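> have a look at this prediction, sequence included:
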Amino acid sequence: MSLPRVTILTVTFNAMDFLEIFFNSIGASNQHGLDVEILMVDNGSSDGSVNWVREHCRQVRILENDENNYARALNLGIASSQGDYVVIANNDATVDSEWLQGFFDIFRTDENIGAVQSKILFSENKKINSVGVEEIGQFYFRDIGFEDEDSARYENAAEREYVTGGSVMFRRQCLKDVGDWDEDFIMFVEDMDYSIRCRKKGWKLWYSPSSILYHQYHGSSSEKLCDFFCTRNRFLFVAKHFPLELPGCIETSHCYEAGQYDLLYRSLLHSMRKMCIYHDTDTVTAVLRLLKDCLPDYIGVCSAYTFFSQLEVILGLRKIRVGIYDHAGHFAGGGQRYVAEMAAILQDRYDVTYIFNNDVQLSDFKDWFDIDLTPSAMKIIKIPFFEERGCYTPNESMVVNEVENPFDIISWESLNYDIFINANMLGKVNPLSAVSLFVCHFPDQEKQNFFQVDRYEHLIVNSDYTGDWVKKRWQLTPSDKLYPPVNMYNPDSRPDEKHNIILSVSRFEVSGSKKQIELVRAFSEMCVDYPIQMRGWKLVLVGGSTPENMYLEAIKDAVAQAQCPIELSVNAAVSDIKEYYRAAAIFWHACGLDEIQPERVEHFGMTTVEAMQNYCVPVVIDGGGQKEIVEHQYSGYRFSSLDDLKMFSLTLIGDEGRRKTMAECAFERSHLFSKDVFKIKFEKLLAQVELELSGKDSLPGGH
């Protein structure tokens, strides 16, 4: 007759401090008459414990889980186990010599017993940790005997309604009958769920006083983690097994009592999805009606509205709705192009609506950036505060001492969307959507009245330069960095087919921040001081302009006075700009020269990347985002003064071989800032956003 086969299964996560003692105690235990295998499932430890066990505990078979999920690890281990009986045990523990035999003292009495729990004592003082689990009301549970002295009252075997996974043996037939552990619980309360499922299948649960394990309480998991999951998973448990009781559990939940309304909100969402899986339509409808009546009192009217709207998405009743707000969307700038690329990705999978404050057509984006946004919808919402003052573009710096926030009209609009994207750094719009993204090209304004940026789940910056200033000015840490998507590749561009052209592509800003007049002066001085080297070279200034631009007129005057080959191209078409890039050998960009205000320094430098994508060698300001683009003396040059600009440019003009080599390096470097890279990173962010919309929570700390 073969010996009963027993699998001892333990799940580890950075448990190096416990494993040697734990496995040694198992080895020293009484295994007479048993065929024992030891199985360890690791949840992604980084402390070297897996390699240590491989080297020092060769009797232990190791499996590695693909995510940090305790319930998933149990399923993985049980599926791989060979035992007729499977023991699940914490490893921050030691076992008594009769630990295994004590389980069989109970199993032998009744074939309908599916699981037996040990007597679990605290290793420090030998007081009771658990001799089973009981409900204490409102679906809260406690270990029976917790912190009592071990006495005669705990020396008798007894049937239990619930057993803890800290040290419990299951009969194989029970595990097969009940099925997999519920991985939505991740950890904590998963054993209460499994206990009730066992009993629903007719299996009995018992406690054995002769099977003893000594446990180091919370040795391998933090108290914060325990509180988080016990609170969250209580809602899951109720939704799965006692759905009509769910609304009544809100007021007594620890997260509600502690004012953790975000945790309450997400836990309820996740629980509703669980309920819809396990219960019929009538039950779900009844619970929704109960929640409709009570939820506004617990989390507020706006959050309750968002909750039910988000629930529609979770249940697959409609597509995700995205609102993109751009208060300057009537202007063809880099910020508009940045978010238009986002919209082009979003509109392929979601219902997207663009929100503007001024008259504009989505077809304009096709003309400006060659981006087709016609699958998206559009709304124009006028803001009375600025309409009354004749402001064409809303200026948040005008909102100083007002009692009411003029941008609340946009906040209320954000309620209509699951994802709200504030596209152009307007910091006074309070997002009321389920998930919100704030796109910051630079924090132009200091924190002021009605500052709302800290209310967004995701704060996206376009460069490290912008991110550093977000930290300095707003004391906020960006959640994501997405370099702008640059896609100006001209297939006809060649590094050895360039003309003697120095090109600058920048808006002709009224403020003069792009420094075109300084570039005109530098080129003129080069032509005067180095006439032989500069023979045949010309400067081309390309850029957009608004009507009646006085700075553009000043540039024209400077060009006329220079009396050297300088060409101006105002509001050129995209096709013409591509041709300029194809032809030009050198690219200049001076935004930030001699500036002390950080917002007047180039925040990133999309046109620099555009030039590099066409084998133009960049000679750009050594500041702002340009430092992140151009590697000095490898893929271009970075200058701090006009003298440096002239010197680096003359070096390139006089050395065609160096110019070609650097052009090729610049081209390779430009791939880091391409549209394809942007799309990959943005889609990764969208995956996280969809996870948040699903109601799932990220772990507050590892197990």
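Alright, I've got the coordinates.
> describe which strands the longest strand along the chain pairs with in its sheet and in which direction.
The longest strand of the chain (DSSP state E) is strand 204-215. Next to strand 204-215 in the sheet, as set by DSSP bridges, lie strand 93-95 (antiparallel), strand 113-122 (parallel), strand 158-160 (antiparallel).
> after the last one, which helix or strand is next?
The reference is to strand 158-160. strand 167-171 (DSSP states H and E).
> what helices and strands are in contact with that next one?
strand 85-89, helix 99-107, strand 113-122, strand 204-215 (3 or more CB pairs under 8 Å, 6 or more residues apart in numbering; DSSP states H and E). The C-beta positions use only the backbone N, C-alpha and C, and glycine is treated the same way.
> try it again at 7 Å.
strand 85-89, strand 113-122 (3 or more CB pairs under 7 Å, 6 or more residues apart in numbering; DSSP states H and E).
> nearest to E548, of the ones you listed?
strand 85-89 (77.3 Å; CB to CB).
> the stretch 451-600 of the chain: helices as residue ranges?
464-474, 516-529, 531-534, 550-562, 574-583 (DSSP state H, counting those that start in this stretch).
> assign a three-state SS to A286, would you?
helix (DSSP: H, G, I helix; E, B strand; the rest coil).
> what does the pLDDT read for T12?
Per-residue confidence (pLDDT) for T12: 94.
> the stretch 401-550 of the chain: strands as residue ranges?
Using DSSP state E, counting those that start in this stretch, the strands of the stretch 401-550 of the chain run over 419-422, 435-440, 458-461, 480-481, 501-505, 538-543.
> of those strands, which stretch is the most buried?
Highest mean neighbour count of the strands of the stretch 401-550 of the chain: strand 419-422, a mean of 29 (counted as mean count of other CB atoms under 10 Å).
> can I see the domain layout of this structure?
The chain resolves into domains spanning 5-219, 224-307, 321-481, 501-673 when parsed by automatic domain parsing.
> tabulate the ones you listed (TSV), appending distance to N490.
Conversion of the domains of the chain to TSV gives the following (distance: least, CB to CB, whole Å):
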stretch	distance to N490
domain 5-219	44
domain 224-307	46
domain 321-481	13
domain 501-673	5
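> who wins for proximity to F682 among the ones you listed?
domain 321-481 (5.9 Å).
> can you give me how far that closest one is from the chain middle?
Averaging C-alpha positions (CA atoms, centre = their mean, to the nearest Å) puts domain 321-481 19 Å from its chain's average.
> quick one: terminal-to-terminal distance for that domain?
Criterion CA to CA, to the nearest Å; first-to-last residue distance in domain 321-481 is 23 Å.
> any weak-confidence spans in this structure?
Residues of the chain meeting the criterion pLDDT under 70: 1, 218-224, 695-703.
> tell me which residue is most central in it.
By CA atoms, centre = their mean, the chain has its centre lying nearest to Q688, at 4.7 Å.
> just the buried positions in the helix or strand containing that residue, please.
When elements are assigned from DSSP H and E, Q688 belongs to helix 675-693. Neighbour counts over helix 675-693 (16 or more other CB atoms under 10 Å) mark K675, F678, F682, L685, L686, V689, E690, E692, L693 as buried.
> want to throw those into TSV with distance to V453?
Output for the buried residues of helix 675-693, formatted as TSV (distance: CB to CB, whole Å):
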residue	distance to V453
K675	27
F678	22
F682	20
L685	17
L686	21
V689	18
E690	23
E692	18
L693	21
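> isn't C198 right up against I113?
No. Counting by CB atoms under 7 Å, C198 stays clear of I113, with 10.0 Å between them.
> mind checking the end-to-end distance for stretch 216-232?
24 Å.
> how about stretch 32-50?
Stretch 32-50 has its terminal residues 28 Å apart, counting by CA to CA.
> now do stretch 171-188
22 Å.
> stretch 449-459 now?
19 Å.
> what does stretch 189-207 give?
Across stretch 189-207, first to last residue, CA to CA, it's 18 Å.
> buried residues in that stretch, which are they?
189-199, 203-207.
> looking at those residues, spot the one nearest S45.
Using CB to CB, E190 comes nearest to S45 of the buried residues of stretch 189-207, at 20.1 Å.
> how about the contacts made by the closest one?
Contacts for E190 were tallied using CB atoms under 7 Å, 6 or more residues apart in numbering; they are Y70, A71, W181, D182.
> what's the distance between the second one and F237?
If you measure A71 against F237 using CB to CB, to the nearest Å, the figure is 13 Å.
> next: G316.
24 Å.
> tell me which of the two has more neighbours.
When neighbours are counted by other CB atoms under 10 Å, G316 and F237 differ, and F237 comes out ahead with 24 against 9.
> what helix or strand is the more buried one located in?
Going by DSSP H and E, F237 is in helix 223-241.
> show me which residues of that helix are buried.
225, 228-241.
> against which helices or strands is that helix packed?
Partner elements for helix 223-241 (3+ CB pairs under 7 Å, 6+ apart): helix 190-200, helix 254-257, helix 261-278.
> distance to L593 for those helices - can I get that in a markdown table?
Shown next, in a markdown table, are the helices and strands packed on helix 223-241 (distance: least, CB to CB, whole Å):
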| stretch | distance to L593 |
| --- | --- |
| helix 190-200 | 62 |
| helix 254-257 | 53 |
| helix 261-278 | 45 |
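> closest to A590 out of the ones you listed?
Among those, the nearest to A590 by CB to CB is helix 261-278 (45.9 Å).
> point out the most buried one among the strands paired with strand 204-215.
Using mean count of other CB under 10 Å, the stretch among those with the largest mean neighbour count is strand 113-122, at a mean of 26.
> what's the following helix or strand after that one?
strand 128-130.
> distance between that following strand and the chain's centre?
40 Å.
> what pairs with that strand, and is each one parallel or antiparallel?
Using DSSP bridges, the strands paired with strand 128-130 are strand 113-122 (antiparallel).
> ok, the contacts of E190 vs E525, which is closest?
Using CB to CB, those come closest to E525 at Y70, 70.3 Å.
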